[in-house]
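1. Predicted model, plus sequence, below.
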Amino acid sequence: MARNIEAAKCVQCGKLHYPTHFYCPSCKGTKFQGVAIEGEGTLVTWTRSHVLPLDYSTMYITLGIVQMDMGVKVMGQLDVGTPQTGMRLRSRIGKVREIQGSDIKGLVFTAI
Amino acid sequence: MRDVAIVGVGSTQFGRAQWSLLKMMCEASHEAIQDASLGDRKIDAVFVANMGSARNNRMAGLASALVDRMNLYPAAAETIENGPASGASAFKMGFLGVASGFYDVVLVCGGERMREVNNLEATEFVSFLSHRYAEYVYGVTLPGLAALFARMYMERYGVTNEHLAMVAIKNHANGLLNRKAHIRDSITMEGILTGPDAINNNPWVSEPLRFYDCCPVSDGSSALILAPANLAKELCRKPVRVAGIGQGTDTHAVHERPDPTELTAVRIASQKAFHMAGLTPQDIGVAELHDAFTILEIAESEEAGFFPKGEGHKALERGETQINGRLPINPSGGLKARGHPVGNTGVSQLVELSLQLRGDAGKYQVPSRPKHGFTVNFGGFGNNVIATVLSEGV
């Protein structure tokens, strides 16, 4: 089972944020509880990127920003043939990159 | 604080450098020193802007190296790295040094030699600006972030690929008039968007952005000399006053912004710069905006207050941002055609604006001879932005 990608929930005020910050963006609290980023969401914007970092061997990757139903927006890779803004997506954890021989896991989205 | 003026400017040819990074910086600095007629007057401090020399050129401590190469001892020397906003950051530090009275004469020099590595390596190194764990790991590059932003903007405000191409065509036409521009190449709507060969001439980089929506990878150096206003009159026939500087920051990850189509840091930086200058966007007669991607020229022109939100592309359609329009934007060719030596860009924008306010821009001189000019130097993907207002005379 791949490790979760987690948002941070402020123990003091309950604000959920991602990525994590040292101080809570809402109340400046410093204690947080990890909350797995998972489930469904809505595609806010996307791109098919043809100019890639050096460590990719594919012709392109498809990236999107997704508003998750659990409350945060995230960037992820889209495993979707024809993305459309507003479409519903489901997240999973998958390989998104290889850096110096190590697989990097991250959020991958498929159409519902 | 004392009033501060730009009393000399200089710049190399942009494009593929014929010289080392340090030699380029010496040439630009020398031109600025000559332009300022400093004579025997000492330079008190040197502020150098650069983003990637340690990685791309295997050089660090550039400001110290520049002082040595130009025999400017014992001038104080600082190298400033603030991503693509390094140039305006170095300028701001120089301004503060003179305004406070700590220094009298300051050299600000930006330099970047990106073409020592190939285009993919250069794109990769700039992508280090993205959020390491929430963006970079997914393979996003700066064109990728710009594309995600562009699609949202286009869908919300009715901006089309034709509008983006209009920015590129305008800035390429301006760049043709600037002998130091990297790209001196006339392009047409048919050639890059509507004609049968357009997809070959202008392929996708990161959809919906194509090749001509993105700035080139450039080498180049620019420099300017700052002095207090009372000294400026002795040194320089046509000093340019630093009227206002503003800076704003925003979330590192673009997706964390409540509305990712808002460039809040541009708005804050612009408002602060106008407040300090005691001017409004209506007073500005020429602007050099950070068009690393065509969509950014449109979006920044709105956030700076020149046009209502969502209407920058309509002003573009009406020709208002042409060199002879109501508000010429990027008469130098902008990042799009003049080029984008990334850490140098903020300095080069201020050099270009100074030339316009002095009436020394030659073939690309804005005909209305503006009295006030404005720049946006855009760092990261909008997470650190510096706006500057310059005014003719002291």
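-> Yep, it's here.

2. Now do stretch B:173-182: distance from first to last residue.
-> Length of stretch B:173-182, first residue to last, C-alpha to C-alpha, to the nearest Å: 13 Å.

3. Need the contact partners of that stretch.
-> Contact with stretch B:173-182 is made by B:11-15, B:183-186, B:216, B:218, B:220, B:323, B:330-334, B:336-339, B:362-364, as judged by C-beta atoms under 8 Å, 6 or more residues apart in numbering or on different chains. No exception for glycine: its C-beta is placed from N, CA and C like everyone else's.

4. Those residues in helices, which ones?
-> The helices, defined by DSSP state H, take in B:G334, B:K336, B:A337 from the contacts of stretch B:173-182.

5. Which one of the residues you listed sits in the busiest neighbourhood?
-> Using other C-beta atoms under 10 Å in any protein chain shown as the neighbour criterion, B:G334 leads these with 33 neighbours.

6. show me the residues around that residue that make contact.
-> Per C-beta under 8 Å, 6+ apart, neighbours of B:G334: B:N171, B:N174, B:G175, B:C215, B:E288, B:L289, B:D291, B:E297.

7. I'd like to know which of these are part of helices.
-> Judged by DSSP H, those include B:N171, B:N174, B:G175, B:E297 as members of helices.

8. residue boundaries of the strands in chain A?
-> Secondary structure of chain A (DSSP state E): strands located at A:6-10, A:16-17, A:32-36, A:40-49, A:61-68, A:73-78, A:88-99, A:102-111.

9. how about the fourth one: buried residues?
-> If I follow you right, that is strand A:40-49. Neighbour counts over strand A:40-49 (16 or more other C-beta atoms under 10 Å in any protein chain shown) mark A:G41, A:L43, A:V44, A:T45, A:W46, A:T47, A:R48, A:S49 as buried.

10. Could I get the average pLDDT for it?
-> Averaged across strand A:40-49, the pLDDT comes to 98.

11. Tell me if that strand is near chain B.
-> Yes: using C-beta under 8 Å from any C-beta of the partner chain, strand A:40-49 comes into contact with chain B via A:V44, A:T45, A:W46, A:T47, A:R48, A:S49.

12. Tell me the one among those nearest to B:V389.
-> Closest approach to B:V389 among the residues of strand A:40-49 next to chain B (C-beta to C-beta): A:T45, at 32.6 Å.

13. wait, what's in contact with the closest one?
-> By C-beta under 8 Å, 6+ apart, the contact list for A:T45 reads A:G64, A:I65, A:T85, B:L148, B:F149, B:R151, B:M152, B:E155, B:P260.

14. same question, B:M114
-> Taking C-beta under 8 Å, 6+ apart as the test, what B:M114 contacts is B:G52, B:N56, B:A122, B:V217, B:S218, B:D219, B:P341, B:V342.

15. Quick one: the ones in helices among the contacts of B:G334 as CSV, columns for pLDDT and neighbour count too.
-> Converted to CSV, the ones in helices among the contacts of B:G334 look like this (pLDDT from 0 to 100; neighbours: other C-beta atoms under 10 Å in any protein chain shown):
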residue, pLDDT, neighbour count
B:N171, 98, 30
B:N174, 98, 24
B:G175, 98, 27
B:E297, 98, 29
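
16. Looking at those, which one is closest to chain A?
-> Distance to chain A across the ones in helices among the contacts of B:G334 (C-beta to the nearest C-beta) is lowest for B:E297, with 19.0 Å.

17. rewinding a little: and the furthest pair within the contacts of B:G334?
-> Across these, no pair lies farther apart than B:G175 and B:L289, at 14.5 Å, counting by C-beta to C-beta.

18. Name the helix or strand for the nearest residue to B:L357 once chain neighbours are set aside, please.
-> Closest residue to B:L357 apart from its sequence neighbours, by C-beta to C-beta, 6 or more residues apart in numbering or on different chains: B:E392 at 4.4 Å. Here B:E392 is covered by strand B:384-392, with elements defined by DSSP states H and E.

19. For that strand, enumerate the helices and strands it packs against.
-> helix B:86-99, strand B:240-249, helix B:264-277, helix B:345-358, strand B:372-379 (3 or more C-beta pairs under 8 Å, 6 or more residues apart in numbering or on different chains; DSSP states H and E).

20. Now tabulate those in a markdown table and tack on mean neighbour count.
-> Converted to a markdown table, those look like this (neighbours: other C-beta atoms under 10 Å in any protein chain shown):
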| stretch | mean neighbour count |
| --- | --- |
| helix B:86-99 | 25 |
| strand B:240-249 | 22 |
| helix B:264-277 | 22 |
| helix B:345-358 | 28 |
| strand B:372-379 | 28 |
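
21. could these be laid out in a markdown table, adding mean pLDDT?
-> Below are the helices and strands packed on strand B:384-392 laid out as a markdown table (pLDDT from 0 to 100):
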| stretch | mean pLDDT |
| --- | --- |
| helix B:86-99 | 98 |
| strand B:240-249 | 98 |
| helix B:264-277 | 98 |
| helix B:345-358 | 98 |
| strand B:372-379 | 98 |
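
22. Which one, of the ones you listed, ends up nearest to A:L89?
-> Across the helices and strands packed on strand B:384-392, A:L89 has its closest neighbour in helix B:264-277 (26.9 Å, C-beta to C-beta).

23. ok, that closest one near chain A or not?
-> No: Helix B:264-277 lies out of reach of chain A by C-beta under 8 Å from any C-beta, never closer than 13.6 Å.

24. B:Q322 contacts B:I169, correct?
-> No: B:Q322 is beyond contact range of B:I169, at 10.4 Å (criterion: C-beta atoms under 8 Å).

25. Tell me how many other residues surround B:M1.
-> Count around B:M1 with other C-beta under 10 Å applied: 10.

26. ok, it touching B:G97?
-> No: between B:M1 and B:G97 there is no contact under C-beta under 8 Å: 11.1 Å.

27. how about low-confidence regions in the stretch 151-300 of chain B?
-> Within the stretch 151-300 of chain B, no range satisfies pLDDT under 70.

28. Quick one: name the residues of it near chain A.
-> The stretch 151-300 of chain B has residues B:151-152, B:155, B:203-209, B:252-256, B:260 near chain A, with proximity defined as C-beta under 8 Å from any C-beta.

29. The stretch 101-250 of chain B: strands as residue ranges?
-> Using DSSP state E, counting those that start in this stretch, the strands of the stretch 101-250 of chain B run over B:106-113, B:204-206, B:209-210, B:219-228, B:240-249.

30. export the ones you listed to JSON lines and tack on distance to A:L89?
-> Below are the strands of the stretch 101-250 of chain B laid out as JSON lines (distance: least, C-beta to C-beta, whole Å):
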{"stretch": "strand B:106-113", "distance to A:L89": "39"}
{"stretch": "strand B:204-206", "distance to A:L89": "20"}
{"stretch": "strand B:209-210", "distance to A:L89": "23"}
{"stretch": "strand B:219-228", "distance to A:L89": "42"}
{"stretch": "strand B:240-249", "distance to A:L89": "31"}
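
31. Which members of the contacts of stretch B:173-182 are classed as buried?
-> In these, burial by neighbour count holds for B:11-15, B:183-184, B:216, B:218, B:220, B:323, B:330-334, B:336-339, B:364, counting by 16+ other C-beta under 10 Å.

32. residues in contact with the closest residue to B:L164 other than its chain neighbours?
-> Once flanking residues are discounted, B:L164 sits nearest to B:T294: 4.2 Å by C-beta to C-beta, 6+ apart. By C-beta under 8 Å, 6+ apart, the contact set of B:T294 is B:L164, B:A165, B:V167, B:A168, B:L209, B:Y212, B:D213, B:K336.

33. let's see it at 6 Å
-> For B:T294, the contact set (C-beta atoms under 6 Å, 6 or more residues apart in numbering or on different chains) comprises B:L164, B:V167, B:A168, B:D213.

34. now do B:H290
-> Going by C-beta under 6 Å, 6+ apart, B:H290 touches B:V376, B:N377, B:F378.

35. Test of understanding: give the bridge partners of the last one.
-> Just to be clear, that refers to B:F378. Applying DSSP bridges to B:F378 gives these bridge partners: B:V385.
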